[in-house]
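**Q** My questions are about this predicted structure, shown below with the sequence.
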Amino acid sequence: AMTHHPHVHMIVPGGGIALDGERWVSCRPGFLLPVRVLSRLFRRLFLAKLTEAHAAGQLKFFGDHASLSERSSFVKFLVPLRKKNWFVYAKPPFAGPEAVLAYLSRYTHRVAISNSRLIALDGSGVTFRYKDYRRSGDERYRAMTLDPDEFIRRFLLHVLPMGFHRIRHYGLLASAGRAANVARARVLLAAPQPEIGRSDDADTAAPPDWRPPCPCCGGRMIIIETFERDNHAQAPPSAASTTRPQTP
């Protein structure tokens with residue numbers, strides 16, 4: 001339903017390269033990390049960072065939440081959150097890594113909603129399909145109609161603020177040593193080498209996009225026409241010029 005639902009998807013390899021670089025250290029079968037311990041650790045660190053940000057004046061509150069600007073009110077607000085159970089949902093990919101990457105690609109290559117979910121746009125508002133996870137069976141798939149301003153508000157909730165990155169890489173896949181680490185991991189795991197001409201680094205595999213960015217939205221400009229130096233761009237012929245009778 002495009003409501004405010006901040007979350008992080010994280011892919012973690014089931015092992016890593018030993019410190020001496022001579023062997024691959026795998027996790028135990030069926031176990032990667034203690035989920036309950038990780039949940040409590042995440043809760044503690046998250047609330048600690050919130051408290052630090054509030055003390056540094058980095059949090060702004062408006063409307064009904066304006067009172068949280070006061071330190072005592074903010075600390076009181078966090079008390080029930082420290083007692084509430086936080087959950088880190090961790091599981092192995094059921095259909096293999098390809099299915100996981102396909103699932104995440106739908107988040108990284110579009111924003112909020114796909115065109116296929118849009119049903120109608122009329123005087124009553126914008127109608128679109130959504131999945132209600134509180135229901136089961138065919139009733140899970142439902143339709144919703146929102147006023148245009150509310151639809152745009154929910155859509156913009158999913159647009160990342162300036163300076164945020166949608167995808168981040170750490171550890172083995174950090175940009176500084178990604179190529180060497182992946183090549184070494186393949187050797188240690190006796191994994192097949194990639195095909196000639198292909199690369200694991202998307203930055204080097206894809207040709208550079210030299211198109212200038214749009215000064216308004218930041219997206220790449222669409223090239224309409226390219227003309228040689230010292231020549232003038234020609235506008236397409238108008239309807240009047242194509243129907244004008246020719247004189248001898």
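**A** Arrived safely. What you see is a predicted model; the values in this text were computed from it and never measured.

**Q** rest of the way, CA atoms for contacts and neighbours
**A** OK.

**Q** contacting residues for the closest residue to Ala120 other than its chain neighbours?
**A** For Ala120, ignoring the flanking residues on the chain, the nearest one in space by CA to CA, 6 or more residues apart in numbering is Thr127 at 5.1 Å. Going by CA atoms under 8 Å, 6 or more residues apart in numbering, Thr127 touches 118-121, 143-146.

**Q** Please repeat the previous calculation with a cut-off of 10 Å.
**A** Residues in contact with Thr127 (CA atoms under 10 Å, 6 or more residues apart in numbering) are 117-121, 143-148, 151.

**Q** Rebuild the residues you listed as CSV, extending it with distance to Pro212.
**A** Putting these into CSV (distance: CA to CA, whole Å) gives the following:
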residue, distance to Pro212
Arg117, 31
Leu118, 31
Ile119, 34
Ala120, 34
Leu121, 33
Ala143, 39
Met144, 38
Thr145, 37
Leu146, 36
Asp147, 35
Pro148, 32
Phe151, 30
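
**Q** Among the residues you listed, name the ones in strands.
**A** 118-121, 143-146 (DSSP state E).

**Q** farthest pair in those?
**A** Leu121 and Ala143 (12.9 Å; CA to CA).

**Q** overlap in contacts of these two?
**A** What both Leu121 and Ala143 touch, as defined by CA under 10 Å, 6+ apart, is the set 127-128.

**Q** where does this structure have low pLDDT?
**A** 196-210, 218, 229-248 (pLDDT under 70).

**Q** List the buried residues in the longest helix anywhere in it.
**A** Criterion DSSP state H: the longest helix present in the chain is helix 35-55. Buried residues in helix 35-55, defined by neighbour count with 16 or more other CA atoms under 10 Å: 40, 43, 51, 54.

**Q** Show me where the chain has its strands.
**A** 15-17, 24-26, 118-122, 125-131, 141-146.

**Q** those helices in the chain, which residues are they?
**A** 35-55, 71-83, 97-108, 148-156, 178-189, 202-205, 239-243.

**Q** What's the end-to-end length of stretch 149-167?
**A** 29 Å (CA to CA, to the nearest Å).

**Q** try stretch 97-117
**A** Note: stretch 97-117 ends 26 Å apart using CA to CA.

**Q** Give me the residues contacting it.
**A** 1-3, 9-11, 92-94, 127-130, 143, 154-160, 166-167.

**Q** rewinding a little: quick one: which of the contacts of Thr127 has the most company?
**A** Highest neighbour count within the contacts of Thr127, by other CA atoms under 10 Å: Phe151, with 18 neighbours.

**Q** and the closest residue to that one other than its chain neighbours, how many neighbours does it have?
**A** Of all residues not flanking Phe151 in the chain, Val126 sits nearest, at 7.0 Å (CA to CA, 6+ apart). Look at Val126: counted by other CA under 10 Å, it has 19 neighbours.
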